[in-house]
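Enquirer: I would like the atomic coordinates for the input below:
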Amino acid sequence: MTMTSAMNGQQLALTDLRNAGANVVDQEVVIDGALVSSRSPADPDAFCSAVVERFAKTGAGAS
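Expert: A predicted model of the protein is given here:
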């Protein structure tokens, strides 16, 4: 898992993401601030773990 100014996306959207100025990386999960992205629906375990980790760090949802 990487924390960087980057994001992941589906192969069909990679050109559009790059053209829009995104730093596209080929990793299961990327965390950029509050944004958690994964490269494909084939990475659900890594994505869910990263979301849980991110919420735990920010305390989001705590009452």
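
Enquirer: elements contacting the helix ranked longest in the chain?
Expert: With DSSP state H setting the assignment, residue counts place helix 44-58 as the longest helix in the chain. Helix 44-58 is packed against strand 29-32, strand 35-38, with contacts defined by 3 or more Cβ pairs under 8 Å, 6 or more residues apart in numbering; DSSP states H and E. C-beta: built from backbone N, CA, C; applies to glycine.

Enquirer: just the CA coordinates of that helix, formatted as CSV?
Expert: Presented in CSV, the C-alpha positions along helix 44-58 are these (Å, rounded to 0.1, in the frame of the first residue of the first chain):
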residue,chain,number,x,y,z
PRO,A,44,-11.3,-6.0,-2.8
ASP,A,45,-9.4,-7.4,0.1
ALA,A,46,-6.6,-4.8,-0.1
PHE,A,47,-9.1,-2.0,-0.8
CYS,A,48,-11.3,-2.8,2.1
SER,A,49,-8.3,-3.2,4.5
ALA,A,50,-7.0,0.2,3.3
VAL,A,51,-10.4,1.9,3.9
VAL,A,52,-10.7,0.4,7.4
GLU,A,53,-7.1,1.5,8.1
ARG,A,54,-7.8,5.0,6.8
PHE,A,55,-11.0,5.4,8.9
ALA,A,56,-9.2,4.2,12.0
LYS,A,57,-6.5,6.8,11.5
THR,A,58,-9.0,9.7,11.0
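
Enquirer: Use 21 as the first number from now on
Expert: With the count now opening at 21, the last piece we talked about shows up as helix 64-78.

Enquirer: So which bits of that helix are buried?
Expert: Neighbour counts using 16 or more other Cβ atoms under 10 Å place 67, 70, 74 of helix 64-78 among the buried residues.

Enquirer: which residues touch the first one?
Expert: Applying Cβ atoms under 8 Å, 6 or more residues apart in numbering, one finds that Phe67 lies in contact with 48-49, 56, 58.
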